[in-house]
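Chemist: This is the structure alone, sequence omitted:
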Ligand SMILES: Cc1cc2nc3c(=O)[nH]c(=O)nc-3n(C[C@H](O)[C@H](O)[C@H](O)COP(=O)(O)OP(=O)(O)OC[C@H]3O[C@@H](n4cnc5c(N)ncnc54)[C@H](O)[C@@H]3O)c2cc1C
């Protein structure tokens, strides 16, 4: 199903990182972890890859009024057009899809590994969970070039100070398999959820395997296209 909706806010929330807020159509349903497609009626800057892209939803499924997505500017015609569209402009979105469904009930520890805007599906989940509360630890390993380019850092720090079951670990080094071998030993019993650009996801998974984490305890979502 395709919905026509409007941009209701646009903020640069970290260096080169844009959060777009869309009006949530009343029959648009999604679960934390899913993505949607945004399509633009016309491009003001030409783009060989066309006028649509996939974005994970970064806002809570409990927010019935808004849908948020987050992306880095890249110079692509699609994103340049989107960044310069005024509030009130219309875009088309498709019904949410995807099987990267974060667990509704926690029965063991979980580790979330986010590379850059790979934080989006975890934000959706954490915003929701904070209203639900939870009984098992969740650790977020959040990788960025530097704190200035880390979206939602303030919100995540607040969550980790207020929720004893949530720990934020900031990573400001290039991910290597060795780094994740070490981290695997810290969180041996956990289920691992890894989201980000394909290279970062592959490096992380490689390190986790070397660190002894079985494949069925590693779930991934690659932001193909980066
Ligand atoms: C399931 C899923 C969920 C996703 N969720 C998100 C999300 O939440 N947020 C998100 O940002 N992305 C997400 N993506 C990826 C997204 O759909 C895009 O593919 C990605 O953002 C790159 O789009 P782009 O327009 O920047 O680059 P593309 O045009 O697709 O080009 C790829 C790369 O080429 C370079 N490039 C492109 N044009 C230029 C230019 N004119 N000059 C210089 N360099 C250029 C950029 O480095 C760019 O990253 C997701 C993908 C999948 C499959």
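Modeler: Yep, it's here. What you are looking at is a predicted structure, and each value in this text was computed from that prediction instead of being measured. Numbering: from 1, shown residues only.
Chemist: From the ligand, how far off is residue 104?
Modeler: The gap separating residue 104 from the ligand is 20 Å, by C-beta to the nearest ligand atom, to the nearest Å. Using the backbone N, CA and C atoms, a C-beta is placed for each residue, glycine as well.
Chemist: what helix or strand is the residue of the chain found nearest the ligand on?
Modeler: Proximity of the chain to the ligand (C-beta to the nearest ligand atom) peaks at residue 225, 1.9 Å away. Using DSSP states H and E, residue 225 sits within no helix or strand.
Chemist: go on, residue 183?
Modeler: helix 177-186.
Chemist: centre of the chain versus the helix or strand following that helix, how much separation?
Modeler: Downstream of helix 177-186, the next assigned helix or strand under DSSP H and E is strand 191-196. Centroid separation for strand 191-196 versus its chain: 10 Å, with C-alpha atoms, centre = their mean, to the nearest Å.
Chemist: counting contacts, what elements does strand 191-196 pack onto?
Modeler: Strand 191-196 sits against strand 110-115, helix 120-132, helix 198-210, strand 218-222, with contacts defined as 3 or more C-beta pairs under 8 Å, 6 or more residues apart in numbering; DSSP states H and E.
Chemist: Give me whichever of these is most buried.
Modeler: Among these, strand 110-115 has the highest mean neighbour count (mean count of other C-beta atoms under 10 Å), at a mean of 25.
Chemist: Give me the residues contacting that one.
Modeler: 103, 122, 136-143, 175, 183, 187, 190-197, 200-201, 204 (C-beta atoms under 8 Å, 6 or more residues apart in numbering).
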